[in-house]
Structures are given as structure tokens and as C-alpha cells.
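J.: Structure for the following, please:
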Amino acid sequence: MELILWRHADAEFSYPDLERPLSEKGHKQARRMAKFLLPKLPERGVILVSPALRAQQTAAALGVAFITESRIAPDATADSVLQAADWPNGDGCVLIVGHQPTLGRVAARVLFGSEIELSVKKGSVWWMSASDQRRSDAGNLKLMITPEQV
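T.: As a prediction, this is how the structure comes out:
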């Protein structure tokens, strides 16, 4: 199984939180990362996106269908995100478009087995794969990239 964490791109500061749109910079970040990601995504996979507008707009830059998933909303826990993704037992690839600090905690759980605070920059992607190492839920980091690096 592969798990891709994509933090929403830069957003405007406004209220209510779920209705915050991407900024102009955020739209550029999302388009840039989508152009990089789309040809690399495996055929068998699912895209799960937070109901927050900024995450929806980030995912929309891919130009493909996705599923809005409340278990990865801004107040989500690492457990709820991993359950939504069916990590590590799922099949194929799951792309999650969500929020900090949750995505950093998910990455830490997958890579290190604990919820330390990892920083996932706006618009960045962390791509991990399941591993057959000592822990059955262990993962390997395949790629970590920011929009400025693509």
C-alpha cells in the first residue's frame, strides 16, 4: 500500500474556518503540485479530501474525481486519518488532502510509530509506502517535496 499526504495549499485567513479559500499563491501551489503528482499517481487508488474549502480547492487542481471525507477534517486525529486510509492494510494507493498538525502526526505514526510533531509545509506532499519491517504498520518515506521544488 502507498499513502500520500498532501497538505492543502496556502489559504486566506477568514471565518468560518471550513470556508477559507485558497489564496492566489495557494492556487499556484496547488496547480504546480497537481501537475507534478498526476502523472505519478498509480491507476489503482483513491483520493480522500477534507471537507474544508481550501483542501477541496487543492484537490480540484488534479482535475480528477475525489471523495470528501469528514474523518480528515481540520480537527481530525491521526487515528481517524489512518482509519479512513485503511493503513497499512489497504490496497493500492490512498492520497489524503488534509491539514496540519494532523498530517504531520500521521507521517510520524507511519514512519516512526509515534505521534511526534512533524511539520508538513503548505502544499507539500509526503509519499510513503507500507513496509514488511519489524512493525506491521511501518512505512518507508518515498518522497517529500514542496511546491517550490517542483
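J.: only C-alpha atoms for contact and neighbour calcs from this point on.
T.: OK.
J.: what about stretch 73-80, start to end distance?
T.: 10 Å (CA to CA, to the nearest Å).
J.: can you list contacts of it?
T.: Contact with stretch 73-80 is made by 50-52, 71-72, 98-100, 102-103, 105-106, 109, 115, as judged by CA atoms under 8 Å, 6 or more residues apart in numbering.
J.: Looking at these, state which has the most neighbours.
T.: Each of the contacts of stretch 73-80 was scored for neighbours by other CA atoms under 10 Å, and Gly98 scores highest at 31 neighbours.
J.: Next, that one: phi, psi?
T.: For Gly98, the backbone dihedrals (degrees, to the nearest 10) come out as phi -150, psi -140.
J.: List the beta-bridge partners for it.
T.: Residues in a beta bridge with Gly98, per DSSP bridges, are Arg7.
J.: tell me the contacts of it?
T.: Counting by CA under 8 Å, 6+ apart, Gly98 touches Leu5, Trp6, Arg7, His8, Val49, Ser50, Ala55, Ile72, Ala73, Pro74.
J.: Done for today, thanks.
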